[in-house]
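Chemist: my questions concern the predicted model and sequence given below.
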Amino acid sequence: MSTPFPYAARARDVEEAHSAINASFRNVRNRSNPADPATAKWIASIERFNAALAVAYPENFWSDLDDLRAGNLRHIETALSFLEADPIFFRSGYTKTEVLRAIERLPLTPGHEIRLRRVILHLITTRGGREFRQYCHLARRLDGAGFRESSAALLVSEDPAIARRAQWVLSAIDQA
């Protein structure tokens, strides 16, 4: 078995590099003058960010996603591992939305469905991101095996955000 991709470490690298861009830009007086030390530092931070973002995903992530979009299940493990890791960094929410849209069209095995239910239940209890709406769309396909009941149990959470996300999932399931 291969070593899991270090999503958390790569996400941290991207976020640190992104912060460095913002911090270095505060000192820039002339973006057009790369000889200025502040501008040179800003440009270097942009290059660092681009390098961190380039390795934030596994080597064949984008071609695997293209395969999924084409209906090929061969690389679904890449997508499921990404969703399970739930890395949070610049544009990762948009990427999760793309992955979820691709998965939504695929014939899923019971094992895939179990893993996706776990991801959604975890997100209900931890955080909603820009991609949460897409998770709700996917939840429509995942009704069964106690998923509705597990989601409904979270409606009584003392945390109103958890109860709200549980309600969104249940509403999506009911619309199916």
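Modeler: Yep, that arrived. Source: prediction; values computed, not measured.
Chemist: where do the helices sit along this structure?
Modeler: Counting by DSSP state H, the chain has these helices, from start to end: 7-25, 37-54, 61-69, 76-85, 92-104, 110-126, 132-139, 147-153, 160-175.
Chemist: distance to R31 added to these, as CSV?
Modeler: C-betas here are computed from N, CA, C, even on glycine. Rendered in CSV, the data for these read as follows (distance: least, CB to CB, whole Å):
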stretch, distance to R31
helix 7-25, 9
helix 37-54, 6
helix 61-69, 30
helix 76-85, 35
helix 92-104, 26
helix 110-126, 39
helix 132-139, 36
helix 147-153, 49
helix 160-175, 40
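Chemist: redo these as CSV? Include mean neighbour count and mean pLDDT.
Modeler: As requested, the helices of the chain are arranged in CSV below (neighbours: other CB atoms under 10 Å; pLDDT from 0 to 100):
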stretch, mean neighbour count, mean pLDDT
helix 7-25, 17, 96
helix 37-54, 16, 96
helix 61-69, 17, 96
helix 76-85, 19, 96
helix 92-104, 18, 96
helix 110-126, 17, 97
helix 132-139, 20, 96
helix 147-153, 16, 96
helix 160-175, 17, 96
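Chemist: render the CA-only coordinates of stretch 105-125 in CSV, please.
Modeler: This file holds the C-alpha atoms of stretch 105-125, laid out as CSV (Å, rounded to 0.1, in the frame of the first residue of the first chain):
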residue,chain,number,x,y,z
ARG,A,105,-22.5,11.4,-12.1
LEU,A,106,-20.6,8.2,-11.4
PRO,A,107,-22.0,4.8,-10.5
LEU,A,108,-20.8,4.4,-6.9
THR,A,109,-20.1,1.1,-5.1
PRO,A,110,-21.5,0.6,-1.6
GLY,A,111,-18.0,1.2,-0.3
HIS,A,112,-17.7,4.5,-2.0
GLU,A,113,-21.1,5.5,-0.6
ILE,A,114,-20.1,4.6,2.9
ARG,A,115,-16.9,6.7,2.6
LEU,A,116,-18.9,9.7,1.2
ARG,A,117,-21.5,9.5,4.0
ARG,A,118,-18.7,9.6,6.5
VAL,A,119,-17.2,12.7,4.9
ILE,A,120,-20.6,14.5,4.9
LEU,A,121,-21.4,13.6,8.5
HIS,A,122,-17.9,14.8,9.5
LEU,A,123,-18.4,18.1,7.7
ILE,A,124,-21.8,18.6,9.3
THR,A,125,-20.1,18.5,12.7
